[in-house]
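K.L.:
Return a 3D structure for these sequence lines:
(chains A and B)
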Amino acid sequence: MIQVVFHALGGQGAKSAAHVLAEAAFSEGKEIQAFPEFGPERRGTPVRAFVRISESRITTHEPVTEPDYSVIIDPSMITADRMKGTCIVNSTESIDEIRKNTGFKGPLHVLDALKVSQYANLPMLAAFVKVSGVVRIGSVIKHAEEMFGDKAKQSIDAIKKAEGLVR
Amino acid sequence: MRQPLTGAEAVAEAMRQLKPDVVVAYPITPQTPIVEKYAEFVADGKVQTEMIPVESEHSALSAVVGASAAGVRAMTATSSVGLALMWEVVNAASGLGLPIVMNVVNRALSAPINIHCDHSDSMGCRDAGWVQIYCENGQEAYDFTILATKLAESCAVPVMVMQDGFITSHSVESVDFLDDHKVEAFAGKYRNPNGLLGDNPQSVGPFSLPNSFFEFKVRQEQRMEKAKSMFLSVGKELEKLTGRTYSFFEEYHLKDAEAIIVTMSSTAGTVKAAVDKMRQNGKKVGLLKLNLFRPFPYREIREALKHVKSIAVLDRSFSFGANAPLHGEITNSLCEIKNSVHGTAANIHGSVFGLGGRDMFEKDVENVFDALLAGKEPEKFIGAKA
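P.N.:
Okay, the predicted model is just below:
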């Protein structure tokens, strides 16, 4: 089972990113679970959204505490306590600078998400997919299209650009 | 067909397929996505339901009572203080024998105010004459909403279907749906000929003096008794369509277990994960997950648990000054064994967990099992700061 935590401020779309990832994995035949930490009504405060992807049935309903991947959507949230598993963070800083600031020694990838879109959630999801390979980017694009309707084109452009830019 | 949906969306889908004639609701977190989704179905013309927005939950259930008394299929959904505000009408609905189905997305009661999950809302009306079904996940919430509709209409009792606030209602999981026409054939179209708008209308809710009131209540109790056996027969019918079984409770590695946990709703899933882990280490632990809380299956539980030496009952609500609701009922179920020369006297411990959305981890569950296996008392208030 693969467990992912998305960190963001409420309103930045952590929940939507988790939802799109779960749907993409589901469409590839996986068992899935995606849930927000505090409910959706926390605009502007730190929130987490969790995703589990598995080959077999998922029964647990505990929050994810030991993620395989941490995706940090807001740059202000790149802190040592959030850096668990393989980390994919949104930052203008270099990998070395981030390591120096957080003391994190594990696998680390960086995307300057605001370069590709004013909304960082889908670019960061794309970066996660590129790094992890747990689902195909095509599945993510398809479900982003379904979720974001007429804003889909913008989203897809962001995903495609982000996939190429992640370090 | 399988689809990734939240527990709330799964219930809205079930309602769409059941085609209630009337849905009346007042939004309240975390129930809102059910009626929000349903309002979308109405606006898109996918259902012909008369959907009535009202100014409070008291009015919501009152209007549903009116519709149901008129003889048509009527539903609502609520949470927490919304259910508390309905309280007067909750009892009226069951007293009138109206087959209303209400989804309750469990949330703590005030005060302090809190929007997260515990079971104090629905447990607060466990004696109000409604069938109560607690669901582990979105799949069960979907299945049991369909079962509940047929059960309610065949026994003239109202049914509450519970799912955990946020944990289930806002969690996306894969849910297996029946085709629309299968649900339609299963649930049929409901018309009560004795309803106010029926062919043979009868009075509803007349004043009743001491010379008749008691008999009304005895009939009500008899309808509940009937609902218990009907739950199984309606479940058997539904099983033919879904391939899934519907019993009063689910036994998970129970047969050879030395220590077991009894609990309900989403936490039962977390217990299953902990049981799997501990079984791999050779520990004989198991779970009894209760689905049907009212009417309560005392005899069947007694039979299922008579061999178990050590039991922890995990409640997600208090009954202040008394055993917590599930703990009390499990103790009742087993007291006959305890007093019998033939029975095993199990050690039954009660713990309360998860109030106001406090997280419940697999590790917490393992701690409970470890305590039971060591002959010790599990933590009384799991995860509460001292």
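
K.L.:
use CA for all of it now, contacts and neighbours both
P.N.:
OK.

K.L.:
Phi, psi for residue B:183 please.
P.N.:
Main-chain dihedrals, residue B:183, degrees, to the nearest 10: phi -70, psi -40.

K.L.:
The closest residue to chain A within the stretch 51-200 of chain B: neighbour count?
P.N.:
With Cα to the nearest Cα, the shortest gap between the stretch 51-200 of chain B and chain A falls at residue B:171, namely 4.3 Å. The local packing of residue B:171 (other Cα atoms under 10 Å in any protein chain shown) involves 28 other residues.

K.L.:
Can you give me every residue that contacts it?
P.N.:
Listed by Cα atoms under 8 Å, 6 or more residues apart in numbering or on different chains, the contact set of residue B:171 reads A:33-36, B:5-7.

K.L.:
any idea which of those residues is least confident?
P.N.:
Of all the contacts of residue B:171, the model is least confident about residue A:36, whose pLDDT is 88.

K.L.:
For that one, which residues are in contact?
P.N.:
Residue A:36 makes contact with A:15, A:47-50, B:166, B:170-171 under the criterion Cα under 8 Å, 6+ apart.

K.L.:
Show me what it bridges to in the sheet.
P.N.:
residue A:49 (DSSP bridges).

K.L.:
Give me the three-state assignment for residue B:175.
P.N.:
Judged by DSSP: H, G, I helix; E, B strand; the rest coil, the three-state class of residue B:175 is strand.

K.L.:
Would you agree it is in contact with residue B:2?
P.N.:
Yes - look at residue B:175 against residue B:2 with Cα atoms under 8 Å: they come within range, at 5.4 Å.

K.L.:
one step back: closest one to residue B:256 out of the contacts of residue A:36, please.
P.N.:
If you rank the contacts of residue A:36 by distance to residue B:256 using Cα to Cα, residue B:171 comes first, at 32.8 Å.

K.L.:
Which residue comes closest to that closest one once chain neighbours are left out?
P.N.:
Closest residue to residue B:171 in three dimensions, ignoring its sequence neighbours and counting by Cα to Cα, 6 or more residues apart in numbering or on different chains: residue A:35, at 4.3 Å.

K.L.:
Would you mind listing the residues in contact with that neighbour?
P.N.:
A:15, A:18-19, A:49-51, B:166-167, B:170-172.

K.L.:
Who wins on neighbours among the residues you listed?
P.N.:
The contacts of residue A:35, ranked by neighbours (other Cα under 10 Å): first place residue B:167, 33 neighbours.

K.L.:
Touching, that one and residue A:63? I think so.
P.N.:
No - counting by Cα under 8 Å, residue B:167 does not reach residue A:63; the two are 9.3 Å apart.

K.L.:
buried set for the helix or strand bottoming out on mean pLDDT in chain B?
P.N.:
Considering only helices and strands, the least confidently modelled element of chain B by mean pLDDT, DSSP states H and E is helix B:325-338, at a mean of 87. By 16 or more other Cα atoms under 10 Å in any protein chain shown, the buried positions in helix B:325-338 come out as B:325-327, B:329-331, B:333-334, B:337-338.

K.L.:
For the residue of chain A found nearest chain B, which non-adjacent residue is spatially closest?
P.N.:
Distances from chain A to chain B, computed as Cα to the nearest Cα, single out residue A:60 as the nearest residue at 3.8 Å. The shortest distance from residue A:60 to any residue other than its chain neighbours is 3.8 Å, reached at residue B:270 (Cα to Cα, 6+ apart).
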